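J.: sequence first, predicted coordinates after that:
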Amino acid sequence: MRGILRNLSLRAFRVWQRDLDVYLTNWKTEFLPPLSEPILYVFAFGFGLGSLIHKVRYQGHELTYLRFMAPGIVAVAIMFWSYFETTYSSFVRMYYQRTFDAILATPLLVEDVILGELLWGATKAVIATSIMLGILTLLGLVAWPAGLWVLPIAVLAGILFSALGLVVTSVTKNISSFNLPMFLGIMPMFMFSGTFFPVNVLPPWALWIAWALPLTHVSHLVRAAVLGWPRIQLVWSALYVAVGAAILSAMALRLMKRRLIQ
Amino acid sequence: MRAPEYTVAIIASELRKRYGELEAVRGVSFEVATGEIVGFLGPNGAGKTTTVRMLSCFLPPTSGTASIHGLDVVERPREVKRLMGVCPQADNLDPDFDVFKNLLVYGRYFGLPDAVVRTRARELLEFVALSDKTRAGIDELSGGMKRRLVLARALLNNPRVLILDEPTTGLDPQARHAIWTRIRSLRAQGTTVLLTTHYMEEATQLCDRVIVMDDGKILLEGPPLELVEREAGETVLEAWNFDDAFLEFIRRLPGRLEEVGDRLYFYPDAGNHIDRLLEHHFPHQERLVRRATLEDVFLKLTGRALRE
């Protein structure tokens, strides 16, 4: 563990800053997806599907499908924005653009690059989450000020999914290989983690699997914040996300270092 | 007060790099003096790039040590890289930024203040004749312009040691000479330069000393012209469309004979008279008598078989 932490430094911020600069250069195209995505989901699922499903029972309360689903798409966005950034985007920087190679000729070390990428992935999740939260607030779907809790959740969960993405990137030989973890891991998680329906409708064996997945805990936390329904049991989910983020970050550092120093 | 100058800029001692079964670099030791330009020559797979990448802290050596101005490359990579400018073999300019921003972002990695980087970036773009491309995108640049920009980027931190991995590969003669001019003027400023190249002319033109590598080892080192004289002599005879009588005649002369396909290369021990001798005995033989070059030395040492 000390070996992993040894070379970490604030210089990682320079790598993060580089990614931010690129993002700000292309801000018009970068801002569009997180703006339009919640609107599309809300109309397609909230109003469309929601007109067929009248009420959802969640935590002993009855609520409209739209109110149930809206926090789910925020949780999904946290995962997608960070995971995509450290898989496809980091891979392009590492492999096609050789950006990491250029950075490693400067006083920055491999650890700075990996940490910078990790933090940038999480940052993208936070930016997207903030934009979506704004849209959902306009639609009257967020309880304030409890909704503010979504931001720290996005930071922590963003780190978790960023680190997960880097772990996948570290063992990926070419960019099309990302399809496998995408369709075996991320897509099932996207659908079965209490995002579009409460997990307790699943059969018991599937329920176990669902609770093992990080996104289930993230959507649980986000929903509690957006609806403004705090409960003590949420501590377990918060702990799961925090510990998961720490373990995956350590793995990401170790595996990406192995990948980058050949 | 400046730190005391080391006269030796680079020391490598018994460097080795192993990848599983393959040993890419097999015990390489050399020194480079401050202000010297040293060229690494060798066929593909000789271990030049691997050696250079170990010196510039990209790869940890499997064994052996290397230091730059007294700083160990494994123990103190951040300080080593602060002293160093690196032009990699493959261009890795940031395609997400324009020319100027590439330099700005790179300067930030060194922790240089923004104002310093801006001034220095303008000077360097002037130096590599890219001032009119300041706001151009990377994909608008030609191959030669990209190489010049990579060179400018490597100079941003005022490096004491510059490492150039095949700086002119794939460039047209104009672009190549443009890079050479810049490298020579850096020598004048006292920068130590270590370069790898496949071009013998480049090595002859630029280097105070060349190191010939093959198969992960150093075969030979020395000043280019001295090496040529020592290893290949003064003149070379090339002949083609020859008959057996000619071949027999050449075989009896003191020197080294090589037949490659339908062409003959002869490196006479005492070269001065060969042309007169042939003029007398085989006046109509198709031939070329020329000065020996580093390429002759290189091919003698590393053979003519294709690599990879």
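T.: Structure received.
J.: just the element for A:Gln262, please.
T.: Using DSSP states H and E, A:Gln262 sits in no helix or strand.
J.: compute the number of surrounding residues for it.
T.: Using other Cβ atoms under 10 Å in any protein chain shown, A:Gln262 has 8 other residues around it. In short, each C-beta sits where N, CA and C put it, glycine included.
J.: contacting residues for it?
T.: B:Tyr19, B:Leu59 (Cβ atoms under 8 Å, 6 or more residues apart in numbering or on different chains).
J.: tell me how far it lies from B:Asp165.
T.: Distance, A:Gln262 to B:Asp165, by Cβ to Cβ, to the nearest Å: 16 Å.
J.: residue numbers of the stretch 151-262 of chain A in contact with chain B?
T.: Counting by Cβ under 8 Å from any Cβ of the partner chain, the stretch 151-262 of chain A comes close to chain B at A:Ile261, A:Gln262.
J.: tell me which residue in the stretch 151-262 of chain A sits closest to chain B.
T.: Proximity to chain B, evaluated over the stretch 151-262 of chain A using Cβ to the nearest Cβ, is greatest for A:Ile261 at 6.7 Å.
J.: what's the single longest helix in chain B?
T.: Assignment by DSSP state H gives helix B:173-188 as the longest helix of chain B.
J.: tell me the helix or strand right after it.
T.: As assigned by DSSP H and E, the chain's next helix or strand after helix B:173-188 is strand B:192-197.
J.: contacting residues around that next one?
T.: Surrounding strand B:192-197, the residues in contact under the criterion Cβ under 8 Å, 6+ apart are B:9-10, B:32-42, B:48-49, B:52, B:55, B:89, B:160-169, B:183, B:186-187, B:202-203, B:206-207.
J.: how much space between the residue nearest the centre of chain A and A:Ile175?
T.: Note on chain A: the residue nearest the mean C-alpha position is A:Met79, at 2.4 Å, using Cα atoms, centre = their mean. Computed as Cβ to Cβ, the A:Met79 to A:Ile175 distance reads 20 Å.
J.: and for A:Ala75?
T.: Distance from A:Ala75 to A:Ile175, by Cβ to Cβ: 26 Å.
J.: the more surrounded of those two?
T.: A:Ala75 (29 against 14).
J.: next up, phi/psi of that one, please.
T.: Phi and psi for A:Ala75, reported as degrees, to the nearest 10, are phi -60, psi -40.
J.: correct me if wrong: it contacts A:Thr195.
T.: Yes: A:Ala75 lies in contact with A:Thr195 (Cβ atoms under 8 Å); the separation is 5.9 Å.
J.: overlap in contacts of the two?
T.: By Cβ under 8 Å, 6+ apart, the residues touching both A:Ala75 and A:Thr195 are A:Leu215, A:Ser219.
J.: which bits of the stretch 1-150 of chain B sit near chain A?
T.: B:19, B:56-60, B:77-79, B:81-82, B:84-86, B:88, B:90-97, B:101, B:105-106, B:108-111.
J.: so which of these are in strands?
T.: B:Tyr19, B:Met84, B:Gly85, B:Val86 (DSSP state E).
J.: selection in ChimeraX covering whichever of these are buried, please.
T.: Here is the ChimeraX command that selects the buried residues among those (16 or more other Cβ atoms under 10 Å in any protein chain shown):
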select /B:84,85,86
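J.: report the lowest-confidence entry in the ones in strands among the residues of the stretch 1-150 of chain B next to chain A.
T.: When these are compared by pLDDT, B:Tyr19 scores lowest at 91.
J.: that one bridge partners, please.
T.: With DSSP bridges as the criterion, B:Tyr19 is bridged to B:Leu22.
J.: so for the helix or strand that A:Glu111 is a member of, mean pLDDT?
T.: Element membership of A:Glu111, judged by DSSP H and E, is helix A:110-138. Mean pLDDT, computed over helix A:110-138, is 94.
J.: what mean pLDDT does stretch A:13-32 get?
T.: pLDDT averaged over stretch A:13-32 gives 90.
J.: skip the chain neighbours and tell me the closest residue to residue 58.
T.: Defaulting to chain A. A:Pro198 (5.3 Å; Cβ to Cβ, 6 or more residues apart in numbering or on different chains).
J.: right idea, wrong chain: chain B
T.: A:Leu104 (6.1 Å).
J.: can you pull out the strands in the chain?
T.: Answering for chain A, as no chain was given. A:56-58, A:61-63.
J.: wait, I meant chain B there
T.: B:8-19, B:22-33, B:37-41, B:63-68, B:71-72, B:84-87, B:161-165, B:192-197, B:209-214, B:217-222, B:235-240, B:255-260, B:263-268, B:287-291.
J.: figure out which of these is closest to A:Gly185.
T.: Within the strands of chain B, the stretch nearest A:Gly185 is strand B:8-19; the backing value is 31.1 Å (Cβ to Cβ).
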